[in-house]
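Trainee: pasting the structure only:
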Ligand code: IVH
C-alpha cells in the first residue's frame, strides 16, 4: 500500500537506525528468525508513522516505507501463523459493508459553545474565574490557566482501544449514538492499530479526522479525471471518505487525525473499575494538556505544534490573534480556536450546560464575505408552513464553497436591508451554516428596482399566507393540505435523527406526494417494492432497500418517533427526554401540561406545543394509523446507570453547583421520586453544605447518603 500522504513524505530520506530495507536479503535468517524480523518490521513501520503523524518529522521516503511494507507482506504470506490483526499490512482487508452499524457512545460526545467577539471571550473567562474562586480553586488575584487548541475543520471520531488494540471507531452522530466506521478508520496510517507502552484496559481517544488542503486539491483532480464526485471542501472530502462503505476507497484517501480529548477510560493503573471522568483522581494526569501528552505517549497524534497553555482572557485573545496570522499558512482548514480550562478538577466543578461543557468554548473566525448579483427571490414553504424567502444568486465562491442560494430569513429582514432583485449583494458564509445575504451594495444599484413584495398566497397550495402580529415569520395556512408542508414533514420524519429511513429522499417524496399516494406519515409504511420500482429514478434494488429500511423503521425508539412527528419546539433531545420520562406513546398522548413540565428542560412553550399537537384529532389519527401499520416504538435506552425507578430521594443542604430544582428535575427524569422527609423508605439522602436534621435522621436510620457528585454518578452524568 502506498502511504496516503504520498508525496509529502519526500525529503526525509534517513531510514531509522540507518538500516535499509531494500532488497530481500532476508535479514531474519541471521538475526533470530522470521518471527523476530516480522516484529522488527512492524515496530519500524509504526515508528515511521508515529514520527510522521505524531511528531511531524518524516523519517523515511515513500520508496523506503513501501519496501518495508512489501517485506512484511512477503514474510506474512510465507508464514501465515505470524499474521495478526494489528499488523500494518492489515489496515485494508475488510469487505465492503452494506450499511454502517450504530454505536452507542459510552460517554456522550458533546459539542462546544461559540464565541465570536473578544467581549464574549472575556465574559467566558469571567464566568469561569468567578465559579472557580467561589469553589476555592482560584486565588482572588490569580488568572485561570487555559489549554488552547486549533478548531480543526473535519469530523469528530471516537477511537476505542481495549488492551491497547483498536477495537472500534465511531462518528459523533447525535452525540449519543454514532456510526461504526472501524474498518475505514483502520486504513488511516495516522491512527495506531495498537497503542505503544502500557495503556489502560479501556481507552477511548477523541479527535478530528481531516484532510490537508493540498491532498484535497489532488484528490479532486484525480476524481475529475475519472469523472467522479468533486468535493466542495476538505471537510466534506474527509467526511465523504470516511462514510464509504468500501474501506478500500477510504484507504486511498489521504486522511489525518489529531486527538483533542478522550471518552471512557477504565483500568488506569491503580484505578478501580469505575469509568474515569474529568477530574477523577483515577485519571493519570490532572490537566487537559497533561492528558493529551499522556495520549501522545501511546503513539496517538496530538497537535503538539499548535496547542498551548495560556493565562486569563488576555492569553486567550493573544492565542487567537497569533493563530489568525498562522491560518493561511496551515496545511489544513480551521474555523477557529478552542479554549479549555486546563485543570481537570476545575473542569469538573464547572460542569456542563445542555450539550456543551461550561469549561470550554470555541472562538470562531469571522465569516467570509463576497459580492455577487441577486438574480431573484423565491419563497420556500417549510414543514410548519414557515415561508422563507431565498435569494437566487449568481454563483460566487465564499467560505470554501460555491454559493448559489442564500437565506433572506423573512420579509421584515428584506425590508430592513432593502434588498432588491437585480442588486449587487454581499453574501456571508461561516463554517457549516447556511449562507446569508448581508445587504445590498447601494452604490451599485441601478435605478428603478422595485422593492420586494411578499406573495399573499402560498406558491405551492394557494392558501393564504398569514403573519401573526408578534411573529416575524409568515406562514402558509394550508397545514397538511399544502403539499410542501407534507413533503417537508415526511423528509423530517425520514431524517437520520428521526426514523432514519435511508433512501427516502426529496425526489422520491416529491413523486409520492404529488401523485397523492402518500398523504400522511403512516401511508409511508404501506409502500410496496413493486410500486416503488415503477417510479422515476428507482430500480428494483433501491425499491427493495427502501422497503427494508421502512420495515426497520417500524421499531424506532420512542424518542425518535416523537421527534419524527415534527411537533413544534420538540427537538431530538426534548423528544428523547420526554420519551424516557413517560415510557410510552400512550402516556405522552394523555399527558397534561403539568405532567409534561416535569420533564427536564420542558417549559410552558414546549409543554403547550406537545399538548396542542396531541389534542388535534388528525394527529391522534396519524398515531393510530401508525399503530395499524405495525409501528411499535421501543423504550428509550436509559442513560448509563440511571434507572432510579421507584426510588425516593430527600434533598437537604446546599449543593455546590446544582440547585434543589436542578436535582429534583434530574431525579424525576430518571424515574425517581423526591420527598421532604426521611423515613426507612428513603433510598438516598442527598446532603449538601449545612445539611441539618435530615442528615442526622438518615444516619440514624442507616439511609444511604450522597453528595452532589455521588448523585450525578448515580444518574450517569
Ligand atoms: S472539543 C466537549 N477540541 O468541534 C467538547 N472539538 O463544536 C468536545 N473540534 O464536535 C469537543 N477541533 O468535531 C474540541 N480542538 C478541538 C476541536 C474540536 C475541532 C470539533 C469537534 C466537535 C466540534 C464542537
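Mentor: Arrived safely, thanks for sending. Here the structure is a predicted model, which is why all the values come from computation and not from measurement.

Trainee: would you mind listing what in the protein touches the ligand?
Mentor: Counting by C-beta under 6 Å from any ligand atom, the residues of the chain lying close to the ligand are 110-112, 149, 151-152, 156, 172, 208, 260-261, 338, 357, 360, 362. Backbone N, C-alpha and C define where each C-beta goes, glycine included.

Trainee: the residues you listed in strands, which ones?
Mentor: Assigned to strands by DSSP state E, the following of the residues of the chain next to the ligand qualify: 149, 151-152, 156, 208, 260-261, 338, 357, 360, 362.

Trainee: thought residue 635 was touching residue 558?
Mentor: Yes: checked against C-beta atoms under 8 Å, the pair residue 635 and residue 558 is within contact range at 6.4 Å.

Trainee: and stretch 228-240, how far out from the chain's middle?
Mentor: 18 Å (C-alpha atoms, centre = their mean, to the nearest Å).

Trainee: for that stretch, which residues meet the burial criterion?
Mentor: For stretch 228-240, burial by neighbour count (16 or more other C-beta atoms under 10 Å) applies to 231, 233-240.

Trainee: stretch 209-222 too?
Mentor: Using 16+ other C-beta under 10 Å as the test for burial, stretch 209-222 gives 209-212, 215-216, 219-220.

Trainee: for whichever strand or helix holds residue 68, packing partners?
Mentor: When elements are defined using DSSP states H and E, residue 68 is found to belong to helix 62-78. Applying 3 or more C-beta pairs under 8 Å, 6 or more residues apart in numbering; DSSP states H and E, one finds that helix 62-78 makes contact with helix 33-53.

Trainee: what's the helix it packs on packed up against?
Mentor: Packed against helix 33-53 by the contact rule (3+ C-beta pairs under 8 Å, 6+ apart) you find helix 62-78.

Trainee: next SSE after the helix it packs on?
Mentor: strand 102-104.

Trainee: looking at residue 635 and residue 558, which one has more neighbours?
Mentor: Between residue 635 and residue 558, counting by other C-beta atoms under 10 Å, residue 558 is the more crowded of the two (23 against 12).

Trainee: list the contacts of the more buried one.
Mentor: Contact analysis of residue 558 by C-beta atoms under 8 Å, 6 or more residues apart in numbering lists 579, 583-585, 633-636.

Trainee: just the buried members of those?
Mentor: Among these, those classed as buried by neighbour count (16+ other C-beta under 10 Å) are 579, 585, 633, 636.

Trainee: just flag the most distant two among those.
Mentor: Of all pairs drawn from those, the one with the largest separation by C-beta to C-beta is 585 and 636; the distance is 11.3 Å.

Trainee: what about the stretch 301-450 of the chain, any weak spots by pLDDT?
Mentor: 430-432 (pLDDT under 70).

Trainee: need the pLDDT of residue 22.
Mentor: Confidence at residue 22, expressed as pLDDT, is 35.

Trainee: mind listing which of the buried ones among the contacts of residue 558 are in helices?
Mentor: Secondary structure assignment (DSSP state H) places 579, 585 from the buried ones among the contacts of residue 558 within helices.

Trainee: TSV please, covering the buried ones among the contacts of residue 558 and showing pLDDT.
Mentor: As requested, the buried ones among the contacts of residue 558 are arranged in TSV below (pLDDT from 0 to 100):
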residue	pLDDT
579	94
585	92
633	94
636	77
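
Trainee: now residue 285: how far from residue 208?
Mentor: The gap separating residue 285 from residue 208 is 21 Å, by C-beta to C-beta, to the nearest Å.

Trainee: also residue 185?
Mentor: Using C-beta to C-beta, which is the criterion applied here, residue 185 is 13 Å from residue 208.

Trainee: likewise for residue 416?
Mentor: 38 Å.

Trainee: tell me which of these two has more neighbours.
Mentor: More crowded of residue 416 and residue 208, by other C-beta under 10 Å: residue 208, with 24 against 11.

Trainee: bridging residues for that one?
Mentor: Counting by DSSP bridges, residue 208 forms beta bridges with residue 156, residue 258.

Trainee: close enough to count as contact, it and residue 260?
Mentor: Yes: taking C-beta under 8 Å as the definition, residue 208 is a contact partner of residue 260 at 6.7 Å.
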